[in-house]
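Chemist: based on what follows, work out the 3D shape:
(one chain, ligands or ions: 1)
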Amino acid sequence: MVAGGPSDYRLKMSMREGKGCGMGRLSGKVAVITGGVSGIARGIVDFYVAEGAKVVVADIQVDKGAVLEAQFPESVAFSRCDIRSEDAIAATMAMAEERFGGLDILVHAAASVDHKAKFVDLTSEAWDDGQSTLLRSHVLGIKHAIGPMNRRGGGSIVLLASAASENFSPAASMVYVVCKGAVLYLTRWAAFELAADNIRVNAIVPGFYATPMWGQLIGASKDVADLMPAYLDEMASGSQPLPRAGKPVDIAYASTYLGSDESAFVTGTHLAVDGGLSIFRPSVPREKVMAYLETAKARAEADIQARDR
Ligand SMILES: NC(=O)c1ccc[n+]([C@@H]2O[C@H](COP(=O)([O-])OP(=O)(O)OC[C@H]3O[C@@H](n4cnc5c(N)ncnc54)[C@H](O)[C@@H]3O)[C@@H](O)[C@H]2O)c1
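Modeler: Now for the predicted structure:
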């Protein structure tokens, strides 16, 4: 291919559209991607399939899982998996071996922002439920990936952390930032313990991404939350030095690199894909963030009313 020529241009355009570069960077690999029916991880699924991987998508949104399987009948299998359950996590890893013959990559992106209590109001139950989603699931995902990855001679694990764990966001909660911070340390420990097995462990640190998670944060229904990302641009443009929201494709590139053999000598580190948030977080008061979110919610609700009229 001639650099800058028409094929180079087509390649660049297909990459910008989030279709991967179709060069088979993950050919022959089998991945489990948690949270893969929505937001950031949905973009990773598209990329992984385009790059030749077979993918088990693990999530609790069963209807969206069925849509994904229908879209990629040869390449995607859906696992109904609540990441708070060790049995469900183990069954998901086993599914990768049964359906596609092995497991090479785990991308753990599923997360929830359901729990927002401050210390004074915190119950043990809320803490346990929050951390079982946001931290324990990472530990158990790693635990149950080891056997299948050992049978392939190694593997790559990519954990989704958050910029909020290092550089607090006004909208974040205690359980979220504490667990996401621990994910960064878990990454280092797991990389150390599993290096002899040729299993690499790295983390990605997202900044602000316009995804349905923001709707969940303010208690929007799932339908409304799914439409809100279209209305978060104004909020995103002032949230970090690069004046736009991150797109799933931004993290799809990073996780393709970390999942592939291109990063064969990279382990125990984290990669910020955050528009510069780690160097500077603009001071946006919590009230302003909440006002942006409420406006986006109202617009999404109006869309649904117009659609149903
Ligand atoms: N959106 C952002 O600005 C942002 C910023 C920093 C970090 N992150 C991280 O990126 C990752 C992806 O988030 P997103 O923004 O795409 O969110 P999202 O809400 O679009 O996707 C999260 C997915 O996780 C699934 N999920 C939730 N609880 C689950 C459970 N118990 N079992 C199985 N699946 C479950 C949801 O069904 C959903 O499909 C998360 O780890 C999140 O913490 C996001």
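Chemist: near the ligand, which residues of the stretch 101-250 of the chain show up?
Modeler: Within reach of the ligand by C-beta under 6 Å from any ligand atom, the stretch 101-250 of the chain has these residues: 109-112, 133, 160, 162-163, 206, 208-209, 211-213, 216. (Glycine included, C-beta is placed from N, CA and C.)
Chemist: pull the contacting residues for the residue nearest to residue 224 when sequence neighbours are not counted.
Modeler: With C-beta to C-beta, 6 or more residues apart in numbering as the criterion, residue 224 has its nearest non-adjacent residue at 4.6 Å, and that residue is residue 300. Residues near residue 300 by C-beta atoms under 8 Å, 6 or more residues apart in numbering: 215, 220, 224-228, 230-231.
Chemist: helices of the stretch 51-200 of the chain, residue ranges please.
Modeler: Secondary structure of the stretch 51-200 of the chain (DSSP state H, counting those that start in this stretch): helices located at 62-71, 86-100, 124-131, 137-151, 174-194.
Chemist: the first one packs against which elements?
Modeler: What that stands for is helix 62-71. Other elements packing on helix 62-71 under the criterion 3 or more C-beta pairs under 8 Å, 6 or more residues apart in numbering; DSSP states H and E are strand 54-59, strand 76-80.
Chemist: residue 307: how many residues sit nearby?
Modeler: The number of residues packed near residue 307 is 9, by other C-beta atoms under 10 Å.
Chemist: kindly report the same for residue 129.
Modeler: Residue 129: 16 neighbours (other C-beta under 10 Å).
Chemist: that one contacts residue 115, doesn't it?
Modeler: Yes. Counting by C-beta atoms under 8 Å, residue 129 does reach residue 115; the two are 6.6 Å apart.
Chemist: quick one, which of the helices and strands packed on helix 62-71 is packed in tightest?
Modeler: Ranked by average neighbour count under the criterion mean count of other C-beta atoms under 10 Å, the helices and strands packed on helix 62-71 are headed by strand 54-59 at a mean of 27.
Chemist: next, the residue nearest to the spatial centre of the chain: phi, psi?
Modeler: Nearest to the mean C-alpha position of the chain, by C-alpha atoms, centre = their mean, lies residue 109 at 3.3 Å. With angles defined as degrees, to the nearest 10, residue 109 sits at phi -120, psi -20.
Chemist: I'd guessed it sits against residue 44; true?
Modeler: Yes. Counting by C-beta under 8 Å, residue 44 is a contact partner of residue 109 at 7.0 Å.
Chemist: mutual contacts of the two, please.
Modeler: 33, 36.
Chemist: so how far is stretch 76-88 from its chain's centroid?
Modeler: In terms of C-alpha atoms, centre = their mean, to the nearest Å, the gap separating the centre of stretch 76-88 from the centre of its chain is 15 Å.
Chemist: quick one: mean pLDDT over it.
Modeler: What stretch 76-88 shows for mean pLDDT is 98.
Chemist: which residue sits closest to residue 236, ignoring its sequence neighbours?
Modeler: Using C-beta to C-beta, 6+ apart, the closest residue to residue 236 is residue 245 (3.3 Å).
Chemist: the one you found: neighbour count?
Modeler: 22.
Chemist: could you check how far it is from residue 34?
Modeler: 22 Å (C-beta to C-beta, to the nearest Å).
Chemist: then residue 249?
Modeler: 19 Å.
Chemist: looking only at neighbour counts, state which of those two leads.
Modeler: residue 34 (25 against 19).
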